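**Q** Need a 3D model of the sequence below.
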Amino acid sequence: MTTASKITLIRMAFIPLLIVFMYWSQGVAGSWPLWVSLGIFILASLTDYIDGYIARKYNQVSDFGKFLDPLADKLLTIAAMTVFCEWQIFPAWALVAVLTREFA
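**A** Numbers count the residues shown, from 1 in each chain. Reported below is the predicted structural model:
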């Protein structure tokens, strides 16, 4: 397994943490769990850049990485959108449209 793929797996490990802190905040603006979840989302997004950079620079492009990287991106964004949908910040029809498009 390449370093880039390991970083992608770390990004996927951030997803449950993101969901836990988002639920813990209960959607209260300015609460510290919500800020932590924002930090987790930003950190996870940065790992997307880092693993892509490492894969290209050190020629670590693999079929596993080509499959896993977009999947991790989709799961991260869909997890956040799902919580926003539950908080009624994001419309459910839009979430269904995104889920249908991504997994069709």
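**Q** Quick one: residues contacting Tyr58.
**A** 3-4 (C-beta atoms under 8 Å, 6 or more residues apart in numbering). Just so you know, the C-beta spots here come from the backbone N, C-alpha and C atoms, and that holds for glycine as well.
**Q** do the same with Asp51
**A** Per C-beta under 8 Å, 6+ apart, neighbours of Asp51: 3-5, 7-8, 11, 65, 69.
**Q** quick one: which of those is most hemmed in?
**A** Thr8 (27 neighbours; other C-beta atoms under 10 Å).
**Q** So what touches the helix or strand containing it?
**A** Here Thr8, judged by DSSP states H and E, is contained in helix 3-25. With C-beta under 8 Å, 6+ apart as the test, helix 3-25 has contacts from 31-34, 36-37, 40-41, 43-44, 47-48, 50-52, 54-55, 58, 60-62, 64-65, 68-69, 72, 75-76, 79-80, 83.
**Q** And stretch 88-102, by the same measure?
**A** 27, 74, 78, 81-82, 84-85.
**Q** how about the longest helix that the chain contains: buried residues?
**A** As assigned by DSSP state H, the longest helix anywhere in the chain is helix 32-57. Neighbour-count burial for helix 32-57, counted by 16 or more other C-beta atoms under 10 Å, picks out 33-34, 36-37, 40-41, 44, 47-48, 50-52, 54-55.
**Q** what does stretch 77-86 give?
**A** Here stretch 77-86 shows 77-85 as buried, counting by 16+ other C-beta under 10 Å.
**Q** Then stretch 87-104?
**A** Across stretch 87-104, burial judged by 16+ other C-beta under 10 Å covers 90, 95, 98.
**Q** show me what contacts the one residue sitting closest to the centre of the chain?
**A** For the chain, Leu76 is the residue whose C-alpha lies nearest the centre (C-alpha atoms, centre = their mean; 2.0 Å). By C-beta under 8 Å, 6+ apart, the contact list for Leu76 reads 11-12, 14-15, 18, 41, 44-45.
**Q** Switch those over to JSON lines; also include pLDDT and distance to Phe103.
**A** JSON lines is the format used below for the contacts of Leu76 (pLDDT from 0 to 100; distance: C-beta to C-beta, whole Å):
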{"residue": "Arg11", "pLDDT": "94", "distance to Phe103": "19"}
{"residue": "Met12", "pLDDT": "95", "distance to Phe103": "16"}
{"residue": "Phe14", "pLDDT": "96", "distance to Phe103": "21"}
{"residue": "Ile15", "pLDDT": "96", "distance to Phe103": "16"}
{"residue": "Leu18", "pLDDT": "96", "distance to Phe103": "20"}
{"residue": "Phe41", "pLDDT": "96", "distance to Phe103": "21"}
{"residue": "Ala44", "pLDDT": "95", "distance to Phe103": "20"}
{"residue": "Ser45", "pLDDT": "93", "distance to Phe103": "21"}
